[in-house]
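**Student:** Quick one: sequence and predicted model below, then my questions.
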Amino acid sequence: QFRLVESGGGLVQPGGSLRLSCAASEFNLENYAIGWFRQAPGKEREGVSCISSSSSTTYEDSVKGRFIISRDSAKNTVYLQMHSLKPEDTAVYYCAAEWRVCTFYDTNRYSKMDYWGEGTQVTVSS
């Protein structure tokens with residue numbers, strides 16, 4: 001079973017920055033669209049951003065202009081650079097993969113994504 005591994009979460013003050021990483025060792029992420037999701041306590045999982053295999057990107061409205069998704073093919077890793085963090089960004093962040101394009105991400109059919117990581121906690125607090 002292929003798996004993804006997230007890292008880079010932590011505690012940061014409001015206005016600060018973090019960079020999350022999503023890595024895979026058993027398969028090539030270049031062939032997959034990678035979505036970032038988050039789930040806060042008591043809330044449903046929501047899509048944050050997605051990058052297709054051709055590097056087209058999409059962002060949830062509340063993170064536009066603050067978050068940047070990118071991929072590094074040499075490292076087989078997808079990043080989520082987060083700036084100007086707010087307390088409402090506090091959540092467990094997950095990455096997930098689907099083949100080539102962000103179809104399931106864009107249509108909120110998250111359970112259809114092929115592979116998931118186990119998440120990394122991001123806490124924004126003073």
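**Tutor:** Sure thing, it's come through.

**Student:** residues contacting the residue nearest to Gly9 when sequence neighbours are not counted?
**Tutor:** Computed as CB to CB, 6 or more residues apart in numbering, the closest residue to Gly9 that is not its neighbour in sequence is Thr120, at 3.4 Å. In short, each C-beta sits where N, CA and C put it, glycine included. Neighbour list for Thr120: Glu6, Ser7, Gly8, Gly9, Leu20, Val92, Tyr93 [criterion: CB atoms under 8 Å, 6 or more residues apart in numbering].

**Student:** Kindly report the same for Phe2.
**Tutor:** Ala24, Glu26, Phe27, Asp114, Tyr115.

**Student:** quick one: low-confidence ranges for the chain?
**Tutor:** Counting by pLDDT under 70, not a single residue of the chain qualifies.

**Student:** now the helices for it?
**Tutor:** 103-106 (DSSP state H).

**Student:** Could you give the number of residues near Leu80?
**Tutor:** By other CB atoms under 10 Å, the residues close to Leu80 number 25.

**Student:** same thing with Gln81?
**Tutor:** 14.

**Student:** which one is Gly117 nearest to, not counting chain neighbours?
**Tutor:** Leu4 (3.8 Å).
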